[in-house]
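Visitor: Structure for the following, please:
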Amino acid sequence: MQQADIATFYDQIPYPRLAYHYTHPDRMAVLGRLFGMHPQSVERCRVLELGCAAGANLVPLAYTFPQAEFVGIDLSSAQIADARALANAAGLNNVRLEQLDLRDLDGTFGTFDFIIAHGLYSWIPESVQSKVLDVCAKMLSPQGIAYVSYNAFPGGHLRRMLRGMAMYHVRDTDNPREIVGQMRGLIEFLAAMATPADGPYALVLRDLKRTVAQMSDSGLMHEFLEADNRPVLFHDFIRDAEAAGLQYLTEVTFADRAELNVAPDVLQQLRQQHGEVGSEQYLDFLNGQSFRRTLLCRREVALDRDVSGLQVEGFLVASSAQSTASPSDLTSGQVVRFTTVHGVSATSNRPALKVALTTLSECYPQAIPFPQLCQRVGERLGRTLTGDEVAALRGEMLGRFIMEKEVVEFRLNQSVLTHQAGVQPLASPVARYQAERGWPIVTLTHKMASLPDPRMAKVLPLLDGEHAWDQLAEFLFRGAVGDAEKADSEQLQGLLGTTLAHFARIGLLIW
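Guide: The predicted structure follows:
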């Protein structure tokens, strides 16, 4: 395979049209607050995305925050054209999308409160990598936060191995689609035929096969077959960031670390001996880390790494975790299992926490200010929570946020989401445009929509706030969704009700 110009390459197989929840400015702001920063209010912030592709990550954010300003640049003219079409369809005038080499960014663009560089750093030449960090250092506002994702060692060694074999296998092929097919065939062959079948090498190949099977053609092409793919040690990445005038803030998710089950005394010893950055590097060695999502801020920012539950008082709290427990089980010491809309489970026997999660779930995807949540929990328990109980609930909420993925969400922004469909349901024009074209759909919580019934996506374009339930049901009767002409009225009403309830639950509907 001959390496083509990178802009043409992205024109041929566009980057996946996905949003990345962890890049949400509100999440970055929450993490900044936890470490003593004072980031700009998300409602009126400025956001820059380097390598914005077709705008699937940036444009939904621009819709959600109409008073904020968004700038996206990408080397691919085709992807920028797609991004502009999406922004135009949503009627947005607060997003600027430019076909531009990031090396040409200059001071005329101003400073930004949040900078996003997802899926970029490891896939560009070293000289451009330094420019990414330089842009972050020079264009971040004083309390600004930058998100940079990258492939990491030691796990990156295994993917590099597969990349090397794949590059050899497709060396005589130039057609990108053929290249992807040949690579899939190669990993199937290697995983099936490696010897000995129960040896460590065969186990590694089978694990890589599972990874490849979950990737789209475009994701596979850009992950394994681009001209540049340079994993880095976390320590080396932070060294380069510090040289540019930045410092390490945190990883965008703590839960990855919680899954290591490293004893607290071992963690304490690592931090005492090697510091924050050094201990993180040793944790990478322990879990074979292959990918990182790192937050950076300016070097002169004073950080407070003593994260306290007191900070929870200023957050909005949300959770989609539901249970099937009876009211008596919630208020007793009975262990109850909760499961989020994304399938993540958690258990508790603490009445205040169980009632809090139930209260949050009933209004999800909306969030509740923590003091108001305490009041509602007290009402359901039939008493006012004591100061010790409030402190314990703060600690529980913070612990779940840190230790368990998406069981508890902290926010600083109260969005326009609704937890139930209105008389004339309304979805965002971004989601409607995506559904019309069969693209992945981004919710207003900045997550990818999971639609258990493929017919649901065909209803979404009609949710413009002008169609009542009976009109939507008529749409189903006309056979526009699957085999609807053979379905009876009750079935269709049931499908519509289920569809709209699911849309509300995952954050697709607006007040």
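Visitor: Could you report the pLDDT at the spatially most central residue of the chain?
Guide: Geometric centre of the chain, nearest residue: His21, 2.2 Å, by Cα atoms, centre = their mean. Per-residue pLDDT puts His21 at 94.
Visitor: pretty sure it contacts Thr443?
Guide: No - contact criterion Cβ atoms under 8 Å: His21 and Thr443 do not qualify, at 9.3 Å. Glycine gets a C-beta too; all of them are placed from N, C-alpha and C.
Visitor: about what we covered before: how about the contacts made by the residue nearest to the centre of the chain?
Guide: Going by Cβ atoms under 8 Å, 6 or more residues apart in numbering, His21 touches Arg27, Thr445, His446, Lys447.
Visitor: Keep only those of the residues you listed that are in helices.
Guide: Secondary structure assignment by DSSP state H places Arg27 of the contacts of His21 in helices.
Visitor: And the strand ranked longest in the chain, what's buried?
Guide: In the chain, with assignment by DSSP state E, the single longest strand is strand 140-151. Neighbour-count burial for strand 140-151, counted by 16 or more other Cβ atoms under 10 Å, picks out Leu140, Ser141, Gly144, Ile145, Ala146, Tyr147, Val148, Ser149, Tyr150, Asn151.
Visitor: Give me the mean pLDDT for stretch 268-287.
Guide: Per-residue pLDDT over stretch 268-287 has a mean of 91.
Visitor: And stretch 81-99, by the same measure?
Guide: 97.
Visitor: Endpoint to endpoint, it covers what distance?
Guide: With Cα to Cα, to the nearest Å applied, stretch 81-99 spans 9 Å between its terminal residues.
Visitor: contact partners of it?
Guide: For stretch 81-99, using Cβ under 8 Å, 6+ apart, the contacting residues are 14, 52-56, 58-59, 62-63, 65-77, 80, 428-430, 433-434.
Visitor: if we go to 7 Å?
Guide: Residues outside stretch 81-99 that contact it (Cβ atoms under 7 Å, 6 or more residues apart in numbering) are 52, 54-55, 58-59, 62-63, 66, 68-74, 77, 80, 429-430, 433.
Visitor: Go through the residues you listed and flag which are in strands.
Guide: Per DSSP E, the subset of the contacts of stretch 81-99 in strands is Glu69, Phe70, Val71, Gly72, Ile73, Asp74.
Visitor: check contacts around Arg505.
Guide: Val341.
Visitor: give me that answer again for 8 Å
Guide: Arg505 touches Ser320, Val341, Tyr364, Pro365, His419, counting by Cβ under 8 Å, 6+ apart.
Visitor: Those residues: which two are farthest apart?
Guide: Across those, no pair lies farther apart than Val341 and His419, at 11.6 Å, counting by Cβ to Cβ.
Visitor: more crowded one of the two?
Guide: More neighbours surround Val341 than the other of Val341 and His419, with 20 against 15 (other Cβ atoms under 10 Å).
Visitor: For the more buried one, list the residues it contacts.
Guide: When contacts are counted by Cβ under 8 Å, 6+ apart, Val341 touches Ser320, Tyr364, Arg505, Ile506.
Visitor: The last one: neighbour count?
Guide: Using other Cβ under 10 Å, Ile506 has 22 neighbouring residues.
Visitor: looking at it, it is touching His446, isn't it?
Guide: No - using Cβ under 8 Å as the test, Ile506 is too far from His446 to be in contact (11.5 Å).
Visitor: Tell me how many other residues crowd the closest residue to Ser41 other than its chain neighbours.
Guide: If the residues on either side of it in the chain are set aside, Ser41 comes closest to Leu412, at 7.6 Å by Cβ to Cβ, 6 or more residues apart in numbering. Counted with other Cβ under 10 Å, the neighbours of Leu412 add up to 19.
Visitor: What score does Leu412 have for pLDDT?
Guide: The predicted local confidence for Leu412 is 95.
Visitor: now it: how far from Arg27?
Guide: 9 Å (Cβ to Cβ, to the nearest Å).
Visitor: Endpoint to endpoint, stretch 473-491 covers what distance?
Guide: 10 Å.
Visitor: Test my guess that Met28 contacts Cys297.
Guide: No - Met28 lies out of contact with Cys297 (Cβ under 8 Å); the separation is 9.7 Å.
Visitor: Looking only at neighbour counts, state which of these two leads.
Guide: Using other Cβ under 10 Å as the criterion, Met28 and Cys297 rank with Met28 on top: 29 against 25.
Visitor: tell me, how many neighbours does Arg337 end up with?
Guide: Using other Cβ under 10 Å, Arg337 is surrounded by 13 other residues.
Visitor: Fine by me, thanks again.
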